[in-house]
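**Q** Predicted model follows, preceded by the sequence.
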Amino acid sequence: MRRFLIVIVAALGVTTCACSGSSPAAQPTHTVTVTARPPAGRVSAPTASPTSNSPTANCLTRDLSAAVGSPQAYAGGLQVPIVFQNTGSAPCSLYGYPGVAQAAGTPITNIGQPSTENPATPRQVVTLPSGGFASAMLRIANSANYPAETCKPVKATWLAVIPPNEKTALNISFGSTACGGNVKLLSVSTVQQGSAG
């Protein structure tokens, strides 16, 4: 009988110990942070565009003004700096190539072929503080270098300049001879920091 009571008491003790323990919710939790690293020797290209890495927003056409710097002759034509200024109250960024076309008339209408991209300078994010400047170099080939029947020369009185990643043009008063045909006279560099003329 005594042995039976000892077994019962021992069983009750085990039950009591199991019941009096802490509940799972009261147990401390541990958080482990794992940082994934690419395998050695393999680097993934970023998927985001450089403009998304910029701390500032893209410059909108409405927050920019544009002008031309001092033109300079080069073999085969004219080189003209296009200078952008941030007229907004906040910093903004430009990245890539502006679009440029020769234009004339009222309302202002583009003439001939738009600019092609000149890859001589690499793309880079250019951040403009309020009042800051950036520039791109426009080359205008001499229309006289092409047969008149191919070029179909037309007097242009404006440059229509679309800032990078925008759709609305800024019009700059500038006289030149455009080609009304399929000849591509214009090439433009990427936007760079500062005023180039």
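**A** Cool, got the structure.
**Q** Give me the contacts around stretch 56-71.
**A** Applying C-beta atoms under 8 Å, 6 or more residues apart in numbering, the external contacts of stretch 56-71 come out as 51, 78-88, 90-95, 127-128, 135, 159, 161-170, 172, 174, 195-197. Placement of C-beta: from N, CA and C, glycine included.
**Q** Buried only: go through those residues for me.
**A** Among the contacts of stretch 56-71, those scoring as buried are 51, 79-86, 88, 91-95, 127-128, 135, 159, 161-166, 169-170, 172, 174, 196 (criterion: 16 or more other C-beta atoms under 10 Å).
**Q** Next one: residue 97 relative to residue 190, how far apart?
**A** In this view, residue 97 and residue 190 are 6 Å apart by C-beta to C-beta, to the nearest Å.
**Q** who touches both of the two?
**A** Counting by C-beta under 8 Å, 6+ apart, the shared contacts of residue 97 and residue 190 are 117, 123, 136.
**Q** Please spell out the ChimeraX selection for the buried subset of the residues you listed.
**A** Typed into ChimeraX, the line below selects the buried ones among those, using 16+ other C-beta under 10 Å:
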select :136
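**Q** Where does the prediction get shaky in this protein?
**A** Within the chain, the ranges that satisfy pLDDT under 70 run 1-54, 197.
**Q** Show me where it has its helices.
**A** In the chain, the segments counted as helices under DSSP state H are 2-20, 50-53, 148-151.
**Q** In strands only, show me the buried ones among the contacts of stretch 56-71.
**A** The strands, defined by DSSP state E, take in 79-86, 92-94, 127-128, 135, 159, 161-162, 170, 172, 174 from the buried ones among the contacts of stretch 56-71.
**Q** List the residues that contact the closest residue to residue 152 other than its chain neighbours.
**A** Using C-beta to C-beta, 6 or more residues apart in numbering and skipping residues adjacent in sequence, the residue nearest residue 152 is residue 180, 3.8 Å away. Residues in contact with residue 180 (C-beta under 8 Å, 6+ apart) are 111-112, 151-154.
**Q** Is residue 111 in contact with residue 100, as I believe?
**A** No: Residue 111 is beyond contact range of residue 100, at 11.8 Å (criterion: C-beta atoms under 8 Å).
**Q** Look at the two and report which has more neighbours.
**A** A count of neighbours by other C-beta atoms under 10 Å puts residue 100 above the other of residue 111 and residue 100, at 26 against 23.
**Q** burial of residue 116, as a residue count?
**A** Around residue 116 there are 14 other residues, counting by other C-beta under 10 Å.
**Q** and stretch 137-154, C-alpha only, in PDB?
**A** Listed in PDB are the C-alpha atoms of stretch 137-154, where the atom choice follows Å, rounded to 0.1, in the frame of the first residue of the first chain:
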ATOM      1  CA  MET A 137      26.400  70.000 -76.100                       C
ATOM      2  CA  LEU A 138      24.400  70.200 -79.300                       C
ATOM      3  CA  ARG A 139      26.100  69.700 -82.700                       C
ATOM      4  CA  ILE A 140      24.400  71.100 -85.800                       C
ATOM      5  CA  ALA A 141      25.900  69.800 -89.000                       C
ATOM      6  CA  ASN A 142      26.100  72.300 -91.900                       C
ATOM      7  CA  SER A 143      23.100  71.800 -94.100                       C
ATOM      8  CA  ALA A 144      25.200  72.900 -97.100                       C
ATOM      9  CA  ASN A 145      27.100  69.600 -96.800                       C
ATOM     10  CA  TYR A 146      24.100  67.800 -98.200                       C
ATOM     11  CA  PRO A 147      22.500  68.000-101.700                       C
ATOM     12  CA  ALA A 148      19.600  70.400-101.700                       C
ATOM     13  CA  GLU A 149      17.200  67.800-103.000                       C
ATOM     14  CA  THR A 150      18.100  65.500-100.000                       C
ATOM     15  CA  CYS A 151      18.200  68.200 -97.400                       C
ATOM     16  CA  LYS A 152      15.400  70.500 -98.500                       C
ATOM     17  CA  PRO A 153      16.800  73.500 -96.600                       C
ATOM     18  CA  VAL A 154      14.400  75.500 -94.400                       C
END
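**Q** Since that was my last question, I'll sign off now.
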